[in-house]
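>>> next input, structure requested:
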Amino acid sequence: MSISVIPPGPGGVYDFAVKLADRLQAPVTELSRTTDTSGWSGDLMLLHFSGYGFQKRGVPLWLNNEIRSLRKRFRVFGVIFHELYASGPPWGSAFWLSGMQRRIAHELLLQADFWFTNREGAAEWLGKNAPSVPNATMPVFSNVGEPASIDVDGRHPIRERTMVVFGSNAMRVQVYDWNDGEIFKVAQREGLRIHDIGPTIQDAAMSQRMAREGVVVQGRLPAEQVSSALLKAEYGALVYPPDYAAKSGIFAAYAAHGVCPVMLWKNGTPRDGFVPGANYLDGFDALAGGKSKLNARSIGRAARQWYEPHSLDAQVATLKKLSTETRP
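Take a look at the predicted model:
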């Protein structure tokens, strides 16, 4: 038996893990402090580590003891590090918890036969702390599908003059709040229609403003319908630091569908192959005066080309290779 161990509850880690689990023949199994694991044993145990998934402050102090016990019952133990530890100013709780979070991640790393992560910054820390452990780094794949092609009859499809805002409630509200609602001014100036895809936004004032601005609210959609909407969209907006965007499922969804991503962030150095103006636009200013109208499609195509080497198929193949090569 092989299993994929995940934190309890829904979310991006769950969606990511399920898609891999089906292909790796390692069913998803939730683990909490009270889970009965007495019957767990077998070939591969693949842990999807997200500290905040296992404990609300990101410090599941019980986790390493549980994994240490389980490790003895499986031939191979691999860890997918979705996150490592938080950081922040001294007046924030993340600053004071960071040390404990590092220790938990470090202990898990030392138990692993192989590790896998989604961004270069995380890989540097992991590699420094376990230089001889087999590993791989790949940005996350799209949880809402990967169209075989973004072309129609060998040509790029005609995109509608739309800007999609996709993701969780909190992620979408950040986009609408950015620079006091800059997205609405940009959409009006550039002749774009905003399409909102995701759970109902609970903020009444924001919902009213979206209605006034003519936002097309599509609500929560099945993955196939999200994919169809993205294939028609010209732009997709998200608030995310460029040096962490490799772990963004929203960016992955835009890129997989050839949408031109518009990344909103005031600071940060692009990594993981991100190049502003090449495979994403750096802020709404990049749309000023319609100067991006002609190259939005080429940027969307470049985003898709950036995405392809770490598609779902590529990640499945890599994890199979790692788990096979590390078997005793």
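
>>> show me what the helix or strand of the chain with the lowest mean pLDDT is packed against.
Lowest on mean pLDDT, DSSP states H and E among the helices and strands of the chain sits helix 93-111, with a mean of 83. Counting contacts by 3 or more Cβ pairs under 8 Å, 6 or more residues apart in numbering; DSSP states H and E, helix 93-111 packs against strand 42-49, helix 51-54, helix 63-71, strand 74-81, helix 120-129. Quick note: C-beta positions are derived from backbone N, CA and C, even for glycine.

>>> cutoff 6 Å now
With contacts defined as 3 or more Cβ pairs under 6 Å, 6 or more residues apart in numbering; DSSP states H and E, helix 93-111 has no helix or strand neighbours.

>>> surely residue 112 is in contact with residue 79?
Yes - using Cβ atoms under 6 Å as the test, residue 112 is close enough to residue 79 to be in contact (4.5 Å).

>>> let me see the ranges of the strands in the stretch 151-300 of the chain.
For the stretch 151-300 of the chain, the strands defined by DSSP state E, counting those that start in this stretch occupy 160-166, 193-197, 216-219, 233-239, 260-264, 281-282.

>>> nearest to residue 180, out of those?
strand 260-264 (12.7 Å; Cβ to Cβ).

>>> output that closest one as CSV, restricted to C-alpha atoms.
The C-alpha trace of strand 260-264 is given here as CSV (Å, rounded to 0.1, in the frame of the first residue of the first chain):
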residue,chain,number,x,y,z
CYS,A,260,-1.7,37.0,-19.9
PRO,A,261,-1.1,37.2,-16.1
VAL,A,262,-1.1,40.6,-14.4
MET,A,263,0.9,40.3,-11.2
LEU,A,264,0.3,42.9,-8.5
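
>>> give me the contact list for stretch 60-73.
33, 40-41, 54, 77, 107, 111 (Cβ atoms under 6 Å, 6 or more residues apart in numbering).

>>> repeat for stretch 1-17
Here stretch 1-17 has contacts from 21, 26, 28-32, 42-48, 50, 53-54, 82, 143, 249, using Cβ under 6 Å, 6+ apart.

>>> redo that, cut-off 7 Å
The contact list for stretch 1-17 (Cβ atoms under 7 Å, 6 or more residues apart in numbering) reads 20-21, 24-32, 40-48, 50, 53-54, 82, 140, 143, 249.

>>> same check, this time on stretch 316-325
Applying Cβ under 7 Å, 6+ apart, the set of residues contacting stretch 316-325 is 20, 23-24, 44, 76, 78, 114, 116, 134, 136, 138.

>>> list the buried residues of it.
Within stretch 316-325, the residues scored as buried using 16 or more other Cβ atoms under 10 Å are 316, 318-319, 322-323.

>>> now do the closest residue to residue 283 other than its chain neighbours against residue 139, distance only.
Nearest non-adjacent residue to residue 283, counting by Cβ to Cβ, 6 or more residues apart in numbering: residue 264, 6.0 Å away. Distance of residue 264 to residue 139, given as Cβ to Cβ, to the nearest Å: 19 Å.

>>> higher neighbour count, these two?
More crowded of residue 264 and residue 139, by other Cβ atoms under 10 Å: residue 139, with 24 against 19.

>>> circling back: closest to residue 286 among the buried residues of stretch 316-325?
Once Cβ to Cβ is applied, the member of these that ends up nearest residue 286 is residue 318, at 33.2 Å.

>>> part of a helix, is that closest one?
Yes - counting by DSSP: H, G, I helix; E, B strand; the rest coil, residue 318 is part of a helix.

>>> and the gap between the residue lying closest to residue 59 once chain neighbours are set aside and residue 55?
Among residues not flanking residue 59 along the chain, residue 100 sits closest, at 4.8 Å (Cβ to Cβ, 6+ apart). For residue 100, the distance to residue 55 equals 10 Å [Cβ to Cβ].

>>> swap in residue 110?
In terms of Cβ to Cβ, residue 110 sits 20 Å off from residue 55.

>>> neighbour count for those two, which is higher?
Between residue 110 and residue 55, counting by other Cβ under 10 Å, residue 55 is the more crowded of the two (18 against 11).
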